[in-house]
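**Student:** I would like to see how this sequence folds:
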Amino acid sequence: MKKLYIIFSLALVSTSLCAQTTATKKADKLFNQYKYVAATEEYLKLVNNGKADGYVYKQLADSYYNIFNTAEAVKWYAKATETNQEAETYYRYAQMLKGNGKYTEANTQMKKFASLAPNDQRAKTFLENPNYIPQLLDKAKLFDVKILDINSEKSDFGAILYDNSLYFSSARNAARKEYGWNKEPFLDIYRADYNADGTITNPSTVDALNSKYHEGSVTVSADGNSLYFSSDSFRESSFQKDKAANLKQGRNNLYKATKEGDSWSNVTALPFNSAAYSISNPSLSRDGKTLYFSSDMPGSIGGVDIWKVAVNKDGSFGKPENLGIKINTEGAESFPFISDDNTTLYYASSGKPGLGGLDIFKADLAKGTEAVNLGKPVNTEKDDFAFSFNKDKKIGFLSSNRNGNDDIFGATPICGVQLLALVTDAKTSAILSNATVAIVDDKSNVIATEQSNEKGEVRYAIECDKAYVIKASKDGYESNTFAVAKGREPQATVNAALNPIEAIVTETEVVLQPIYFDFDKHNITQAAATELDKLVQVMKSNDKLIILAKSHTDYRGSDAYNLALSDRRAKATVQYIISKGISAKRITGKGYGRTEPKVDCKGNCSDEQHAQNRRSEFLIVK
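**Tutor:** Modelled structure (predicted):
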């Protein structure tokens, strides 16, 4: 049933029927009237009577394609392609094969499609990565998906949650007229209660919006006072006559309603509706400034594209704009949903690389990057579409015919965060590639260590509500750590800006900031390592340099104690430098205790004078 709101979305009113004389005329007429169930019956009669040819097989396969009967569609496309067919037939055949999980066979048909339509973007994308399926199947799971009890035996789809009201479209109303496309009643808009425990109850028709024709997807403004929805143009007596098919051809149009008390009223058609093309599946941005929708209006790249239009303060609308080739293809794109951030767009596509049928994709409109397939279990080999997400209740919804009928599913996000660490030069903001980036959990366990790519990026999948630390280092830069705060947002970014090493080298020594040790300890701390890395860089830059590391204490403690402690610290310092790739022949260390104070204050030292005496020196021996 969602095909109504994908391909061109029609409602039909039959006029007179004329007697037909040619073998396929009756079946073709039903097909052209979009009565696909009845059309299959007539085409099958031709097959059974031995009157079928490549044309009949193709029409039969297309009929099953339009009602997404993948098994039958594959059967008849196989027969149809025994004779030469147009490029789109091979594409549809491939889609139906994928719908049955037959990916190898689907690739064979995609290659035929690409050879016949080499300039089609779908063909180009396929040839760039024909074996993309394993990559999709290996994607990290983003949502837990389960079917909802709200579904009926008929088509149910397009759920969106506003406050505690769940709106969706359904063909469950048996009192409605039957639609010839799939022999189901016409679609109505329903509203149900979304309860605190996550259950959904009391579905009922929204009579103020429904007509005797099809009504489809809904979007509600952030303040709850405006609602946009899809409906047939027949409610405005708008249609085109198709004399050849003896029918009146309506289109999907968009309408706006406003809230009065507890009900919707003042239903008005949007000014860019037309009897020549369809406009459907609205989604309003949370700031109320942009309305997204699907349409086959002039300027579309494929059969149906995602479009947007500005909503002005006075309630007027701008000029519709196509979202372009990063979003749309020569296939079908529909069911847009714009997230609360006003930049993340979810939508369904049959033209981008997917698992089969329609797949749900996610795109960042602000960055203008390629759309990303959400993978399983959001997507399957069947049609998956109409994704929406309620940020406040942390619950999403999608529609799918994976069980044989269009049903509504709940989508609970996996509690995980995609972390992006971006390594840059702190002074110039230049990107730093090949930096070593480690992620450490709250128990100081190193989870993973990676090298930054050419964009300075490293990505990690981490648990939500858990603190982490990013450790970043690169030759010529001070190593540093960066906290990753606890959070539940699906994406997080850490800007790991590293300071260039700028150690002061005199004729006699390399001057660093004080090297601090924990009380009565001699192990190298993170702060000490940061300073010692400067010395490592200096020594790597001058491979002739030989260093003596001298460690000093303050006056507190006995001579013997301070001498032994400083010697252990000096040796630990040397071992750290050696561990960084410096030859042991180029560095030695010795502890001097309190025998060489910088400030000779004896036992009357201030805290500041103690700190000056408690130091490390790195003398240039050669």
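
**Student:** Wait, a helix at Arg235?
**Tutor:** Yes: assessed with DSSP: H, G, I helix; E, B strand; the rest coil, Arg235 lies in a helix.

**Student:** That one: neighbouring residues, count only.
**Tutor:** If you count neighbours by other C-beta atoms under 10 Å, Arg235 ends up with 19. In short, each C-beta sits where N, CA and C put it, glycine included.

**Student:** Check the spacing between it and Leu398 real quick.
**Tutor:** As judged by C-beta to C-beta, to the nearest Å, Arg235 and Leu398 stand 28 Å apart.

**Student:** Kindly report the same for Ala276.
**Tutor:** Distance of Ala276 to Leu398, computed by C-beta to C-beta: 31 Å.

**Student:** between these two, who's got more neighbours?
**Tutor:** Comparing Ala276 with Leu398 by other C-beta under 10 Å, the one with more neighbours is Leu398, at 29 against 13.

**Student:** Adjacent strands (with direction) for the helix or strand hosting that one?
**Tutor:** Using DSSP states H and E, Leu398 sits in strand 395-400. Applying DSSP bridges, strand 395-400 is found paired with strand 384-390 (antiparallel), strand 407-413 (antiparallel).

**Student:** Point out the most buried one among these.
**Tutor:** Among the strands paired with strand 395-400, the stretch with the highest mean neighbour count (mean count of other C-beta atoms under 10 Å) is strand 384-390, at a mean of 26.

**Student:** So for stretch 208-222, mean pLDDT?
**Tutor:** In this model, stretch 208-222 has an average pLDDT of 91.

**Student:** So the closest residue to Arg556 other than its chain neighbours, which state does it fall into?
**Tutor:** Leaving aside its sequence neighbours, Arg556 sits nearest to His610 (C-beta to C-beta, 6 or more residues apart in numbering; 6.9 Å). For His610, the assignment made with three-state DSSP gives helix.

**Student:** ok, His610 touching Gly557?
**Tutor:** No: judged on C-beta atoms under 8 Å, His610 makes no contact with Gly557 at a distance of 11.0 Å.

**Student:** who are the neighbours in contact with the residue nearest the centre of the chain?
**Tutor:** Nearest residue to the geometric centre of the chain (C-alpha atoms, centre = their mean): Lys362, 3.5 Å. Contacts for Lys362 (C-beta atoms under 8 Å, 6 or more residues apart in numbering) come out as Thr344, Leu345, Tyr346, Ala371, Val372, Leu374.

**Student:** and those as a markdown table, adding distance to Val574, pLDDT and secondary structure?
**Tutor:** A markdown table is the format used below for the contacts of Lys362 (distance: C-beta to C-beta, whole Å; pLDDT from 0 to 100; DSSP: H, G, I helix; E, B strand; the rest coil):
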| residue | distance to Val574 | pLDDT | secondary structure |
| --- | --- | --- | --- |
| Thr344 | 52 | 96 | strand |
| Leu345 | 57 | 98 | strand |
| Tyr346 | 57 | 98 | strand |
| Ala371 | 54 | 94 | coil |
| Val372 | 50 | 95 | strand |
| Leu374 | 53 | 96 | coil |
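
**Student:** wait, doesn't Val440 sit right on Lys471?
**Tutor:** Yes: between Val440 and Lys471 there is a contact at 6.2 Å, judged by C-beta under 8 Å.

**Student:** And the helices in the stretch 451-600 of the chain, which stretches?
**Tutor:** For the stretch 451-600 of the chain, the helices defined by DSSP state H, counting those that start in this stretch cover 526-541, 559-579.

**Student:** ok, of those, where does mean pLDDT dip lowest?
**Tutor:** helix 526-541 (a mean of 84).

**Student:** Having no further points to raise, I will conclude here.
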